[in-house]
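Asker: A predicted structure for the sequence below; I have some questions about it.
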Amino acid sequence: MHSHRMHSHRMHTIARVRTSLAYPFIRARPCRECKDDRSPPAPALLLVPALLVGAAMALPLVYLAMRSVGASSEAWELFFRLRTAQILWRSVQLVLIVSFGSLLVGVPMAWLTTRSNVPMRRPLSVLGALPLVVPTYVGAFLAISALGPRGLLQDMLEPIGVDRLPEIYGLPGAAATLVLLSYPYVYLTVRGALARMDPSLDESARLLGQGAVAVFFKLTLPQLRPAMISGALLVTLYTLSDFGAVSLMRYESFTWAIYQQYQSAFDRTAAAVLSLGLVGLAAAALLIENLARGRSRYYRSSSGAARPRSPVDLKALRWPAAALAWLLLACALGIPTAVLAYWLVSGIAAGEPLLLLWTAARNAVSVSLLAALAAAALAIPVAAMSVRHPGAVAAALYRISHTGYAMPGIVVALALVFFGSRLLTPAYQTIWLLVFSYVILFLPAALGPARSSLLQISPKLEESARILGASQLRVILSVTGPLMRSGLLMGGALVFLITMKELPSTLILGPLGFETLATAVWSASEEAFFARAAAPALMIVLVSSIPVAVMMIRERT
C-alpha cells in the first residue's frame, strides 16, 4: 500500500512537471468550480491586528495630509511645475534601472548559493547579504573616493600616465551604487523562496532528461515569481526613498527635492506636498506589483517531503560562477571595506585614537533586534489578510503598509514627533517610539518574504487543522507559523540589517545621549573626520554579519 502511494505521488509529480515543461509560464489557477467563490471572512483574531497595523502605518500619511491641507498656493504651484515633472521622470528612470539590475544580480546569486555546488558556498551565502548594511551615503562616498576622477584608483594609475579617470556622477554612478547596495533585497527574498520550494519537481524534471538550465527557466524561475516581485518592490521603494547616493552622485531625484525643501525653507508645507507625490509613486509601484503578481497559486497541490536537495553540479562552470560571485562581492563589499580599512589605518598612523564603540554597537543591536522581531510579528496578520482573505480591506492594508518605506526617513520621523508630542507623550523620546518608527519604515521588508512564504503554503493544511478541532490561534501557532519560518527569518534579517544603518529617525527620535553606530559614522563624517568614521562603519559590517552568518549556517541548503 505504501509503495503504491509513493508510486502514485511520483507519477503525479512527473505529470505536473511534464505540464510545466510544456507550458513553463502557465501557473495553476483557481479551479473552475471555485472561480466565483468568495474567500471566507477574516476572523477577528486576524482582522483586528491587521487593522491596528494599518492604522499605525497610516500615521505618516495623516501627517502629510494635515500639512498639505494648509499649504499655500505657492507650495501647490511648486508641485505642478515642469521642473518637478522632470525630477519625477528622473526618479522613475533610476527606479527602473536599479530594480532590473537588482533582479539580474540577486536571482542568480540566490540560486548559486542554494542550489549549486559552487565552491565556498557558505561564505558566499553570508557575504552576499552584507552589502545591505552599508549606508548609501557611505557607499557612494567610498565609490567616489576610490573610483572618482581624483580617487585612490587614479592615484595608483598616475605613475603610468593616467591623469584623470572618467566622471562617475549622475545616473550611472547613482544606479550602480544602489544596485550594489540593494540587490540583497532580491537575494534574501528569493533565497528564502528557494529554501521552501518542493525538490520533487526538479528531481522529476531530471528524470525526464532536462538539464539544469532548462529546469531553472521552465520550473524554478516561474515558481520564484512572487519572491522576485516582492524583492523588486522593496528595491523600488528603497530607491524612491534614498537620499544619500543620489545627493553625493549629484543626481536630482524626487527625494532630493524633498530634502532640499525641508532644509532650505522655513515653511515645510511645500516639502509635505512633494512627499505626497512620492506616496503617489509608491502607490503606482504597488499597483504594478499587484498586476504582475496576478492570482496564481504557488503551493504544491499534493503532499511533499521537506528534505535536503542534491546541489546541481555545474561541472566546468563551477569556478567561473564562483569568480563572478566574488567579483560582485568585491565591488559591493570589498571596495567599501578596503577603503574604510585604509582610512582607519591612516588615521591610526596619524595619531587618531581607535574608538571601540561598544555602547553604540550595543544600542544598535538592541534596537535593530527589537525592530526585526516587531516587524516580523506584525507582518503576519497583514500577509495573511492579503493571501487568505483578499478583498478591498486586505488590499488597502497591504498598500498602506508599504507607504512608509517609500518616504524619506525624515518625513516619518517628523510625523512621529508631531503625534508623539501630542498623543504619545509617555513614549516620546524613548526607545519604544524609536522602534515604532523603524517598524513604520521597514515593515515591507518583513512583509514581502512573509507573503511569499504564505503563498507557498496550501490552505488545505489550515483547513484540515480546523476540521480536527484546532482553534484559529492554534492553527496559526502550530501550522501556519512554523511553515512561514523561513520567510519570517528572511524578513526579520532584512529589517535587522536595514535598521543597523538607519540615520534620520535615530537622530530625531532617539533619547537624549542615545548613540548608535550609524549616528557615530554620521557625526564623524559631518566633521570630515573620515578616519574616525571608519571604525564605526566597519563595526556595522562586522556586527551585522554575525546574526546573518548564524541564520545562513542553520539553513538546510
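Answerer: Looks like it came in fine. Numbers count the residues shown, from 1 in each chain.
Asker: Please make it C-alpha for all contacts and neighbour counts, starting now.
Answerer: Fine.
Asker: tell me the centre residue of this protein?
Answerer: Taking CA atoms, centre = their mean as the criterion, residue 185 is the residue nearest the geometric centre of the chain, at 3.7 Å.
Asker: so the residue lying closest to it once chain neighbours are set aside, which of the three states?
Answerer: Spatial nearest neighbour of residue 185, chain neighbours left out: residue 231 (5.3 Å); criterion: CA to CA, 6 or more residues apart in numbering. Following DSSP: H, G, I helix; E, B strand; the rest coil, residue 231 is assigned to helix.
Asker: Offset the numbering so it begins at 16, please.
Answerer: Got it, the first residue is 16 from now on, which makes the last one we talked about residue 246.
Asker: ok, residue 246 - contacts?
Answerer: Taking CA atoms under 8 Å, 6 or more residues apart in numbering, we find residue 246 in contact with 200-202, 204-205, 463.
Asker: So for the lengthiest helix in the chain, mean pLDDT?
Answerer: Identified as the longest helix of the chain according to DSSP state H is helix 97-130. Helix 97-130 shows a mean pLDDT of 90.
Asker: Check which helices and strands it is in contact with.
Answerer: Here helix 97-130 touches helix 136-142, helix 186-211, helix 240-256, helix 269-279, going by 3 or more CA pairs under 8 Å, 6 or more residues apart in numbering; DSSP states H and E.
Asker: The longest one: which residues count as buried?
Answerer: When you say that, I think you mean helix 186-211. Neighbour counts over helix 186-211 (16 or more other CA atoms under 10 Å) mark 186, 188-211 as buried.
Asker: repeat for the first one
Answerer: Taking 16+ other CA under 10 Å as the basis for neighbour counts, the residues of helix 136-142 that come out buried are 136-137, 139-142.
Asker: now stretch 132-152: how far from the chain's centre is it?
Answerer: Chain-centre distance of stretch 132-152: 14 Å, with CA atoms, centre = their mean, to the nearest Å.
Asker: following the host helix or strand of residue 505, which helix or strand comes up?
Answerer: When elements are assigned from DSSP states H and E, residue 505 belongs to helix 500-516. Next helix or strand after helix 500-516 toward the C-terminus (DSSP H and E): helix 519-524.
Asker: tell me the mean pLDDT over that next one?
Answerer: pLDDT averaged over helix 519-524 gives 83.
Asker: packing partners for that helix?
Answerer: Counting by 3+ CA pairs under 8 Å, 6+ apart, the packing neighbours recorded for helix 519-524 are helix 424-435, helix 446-470.
Asker: what does it contact?
Answerer: The contact list for helix 519-524 (CA under 8 Å, 6+ apart) reads 424-425, 427-429, 432, 443-445, 448-449, 452-453, 531, 534.
Asker: one more time with 7 Å
Answerer: Contact with helix 519-524 is made by 424-425, 428, 444, 449, 452, 534, as judged by CA atoms under 7 Å, 6 or more residues apart in numbering.
Asker: and of those, the nearest to residue 67?
Answerer: residue 452 (15.1 Å; CA to CA).
Asker: Enumerate every residue touching the closest one.
Answerer: Taking CA under 7 Å, 6+ apart, we find residue 452 in contact with 427-428, 520.
Asker: distance between stretch 86-98 and the chain's centre?
Answerer: When distances are taken as CA atoms, centre = their mean, stretch 86-98 is centred 33 Å away from the chain's centroid.
Asker: how about low-confidence regions in the stretch 166-315 of the chain?
Answerer: For the stretch 166-315 of the chain, the stretches with pLDDT under 70 are 166-167, 169, 173, 176-179, 211, 213-228, 230, 278-283, 308-315.
Asker: what's the strand or helix carrying residue 375 packed up against?
Answerer: Secondary structure from DSSP H and E places residue 375 in helix 373-403. Here helix 373-403 touches helix 59-72, helix 407-421, helix 446-470, helix 500-516, helix 532-541, going by 3 or more CA pairs under 7 Å, 6 or more residues apart in numbering; DSSP states H and E.
Asker: quick one: which of these is nearest residue 482?
Answerer: With CA to CA, the closest approach to residue 482 among the helices and strands packed on helix 373-403 belongs to helix 59-72: 17.9 Å.
Asker: and after that closest one, which helix or strand comes next?
Answerer: Moving toward the C-terminus from helix 59-72, the first helix or strand encountered (DSSP H and E) is helix 74-84.
Asker: Buried by neighbour count: which residues of that next one qualify?
Answerer: The neighbour-count check on helix 74-84 (16+ other CA under 10 Å) flags 74-76, 78-80, 82-83 as buried.
Asker: Please apply the same query to stretch 90-102.
Answerer: Neighbour-count burial for stretch 90-102 flags 90, 94, 99, 102 (criterion: 16+ other CA under 10 Å).
Asker: one step back: can you redo the contacts of residue 452 as a markdown table with distance to residue 352?
Answerer: Shown next, in a markdown table, are these (distance: CA to CA, whole Å):
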| residue | distance to residue 352 |
| --- | --- |
| 427 | 30 |
| 428 | 30 |
| 520 | 25 |
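Asker: just to revisit the earlier point, would you list the buried residues of helix 136-142 in TSV and tack on distance to residue 156 and pLDDT?
Answerer: Output for the buried residues of helix 136-142, formatted as TSV (distance: CA to CA, whole Å; pLDDT from 0 to 100):
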residue	distance to residue 156	pLDDT
136	30	85
137	30	84
139	25	88
140	26	87
141	24	85
142	21	88
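Asker: can I get those in JSON lines with distance to residue 469?
Answerer: Shown next, in JSON lines, are these (distance: CA to CA, whole Å):
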{"residue": "136", "distance to residue 469": "27"}
{"residue": "137", "distance to residue 469": "26"}
{"residue": "139", "distance to residue 469": "27"}
{"residue": "140", "distance to residue 469": "23"}
{"residue": "141", "distance to residue 469": "25"}
{"residue": "142", "distance to residue 469": "27"}
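Asker: which among those residues gets closest to residue 385?
Answerer: So of these, ranked by how close each gets to residue 385 (CA to CA), first place is residue 141, at 21.7 Å.
Asker: And for that closest one, nearest residue in space, chain neighbours not counted?
Answerer: Nearest non-adjacent residue to residue 141, counting by CA to CA, 6+ apart: residue 564, 5.3 Å away.
Asker: Then residue 154?
Answerer: Excluding the flanking residues, the one nearest residue 154 by CA to CA, 6+ apart is residue 351, at 6.4 Å.
Asker: Sketch out the low-pLDDT regions of the stretch 16-165 of the chain for me.
Answerer: Low-confidence segments of the stretch 16-165 of the chain (pLDDT under 70): 16-55, 164-165.
Asker: Having no further points to raise, I will conclude here.
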